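> Make a model of this:
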Amino acid sequence: MPKANQEQKLLNRWESRVLFTLIFAGLTYGFASLAIDSGSLIEYALTIFFFVWAIKNAVSAIRNR
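Below you'll find the model as predicted:
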């Protein structure tokens with residue numbers, strides 16, 4: 001149980017949240033590029049999903065700082 005608690009603390013640190021934000025922003029950019037080229041609705045949906053997740057992590061990083 002204590003190990004899981006340490007992992008949760010690590011994941012909730014602002015540095016980790018900034019890293020997740022950058023990862024999701026990169027995924028957003030990649031899927032947006034694919035969606036524009038192919039016109040696939042699934043790729044547009046994934047773009048929106050990763051964009052929202054990146055914003056959520058950015059807000060969480062700012063609040064936890």
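> use CA for all of it now, contacts and neighbours both
OK.
> For the closest residue to Leu27 other than its chain neighbours, what is the enclosing helix or strand?
Leaving aside its sequence neighbours, Leu27 sits nearest to Phe50 (Cα to Cα, 6 or more residues apart in numbering; 6.6 Å). Using DSSP states H and E, Phe50 sits within helix 41-64.
> List the buried residues for that helix?
For helix 41-64, a neighbour-count test (16 or more other Cα atoms under 10 Å) marks 43-44, 46-47, 50-51, 53-54, 57-58, 60-61 as buried.
> need the residues you listed in JSON lines with distance to Asn5 and pLDDT, can you?
Shown next, in JSON lines, are the buried residues of helix 41-64 (distance: Cα to Cα, whole Å; pLDDT from 0 to 100):
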{"residue": "Glu43", "distance to Asn5": "35", "pLDDT": "92"}
{"residue": "Tyr44", "distance to Asn5": "36", "pLDDT": "93"}
{"residue": "Leu46", "distance to Asn5": "31", "pLDDT": "92"}
{"residue": "Thr47", "distance to Asn5": "32", "pLDDT": "93"}
{"residue": "Phe50", "distance to Asn5": "26", "pLDDT": "92"}
{"residue": "Phe51", "distance to Asn5": "28", "pLDDT": "94"}
{"residue": "Trp53", "distance to Asn5": "23", "pLDDT": "92"}
{"residue": "Ala54", "distance to Asn5": "24", "pLDDT": "92"}
{"residue": "Asn57", "distance to Asn5": "20", "pLDDT": "89"}
{"residue": "Ala58", "distance to Asn5": "22", "pLDDT": "90"}
{"residue": "Ser60", "distance to Asn5": "19", "pLDDT": "87"}
{"residue": "Ala61", "distance to Asn5": "19", "pLDDT": "85"}
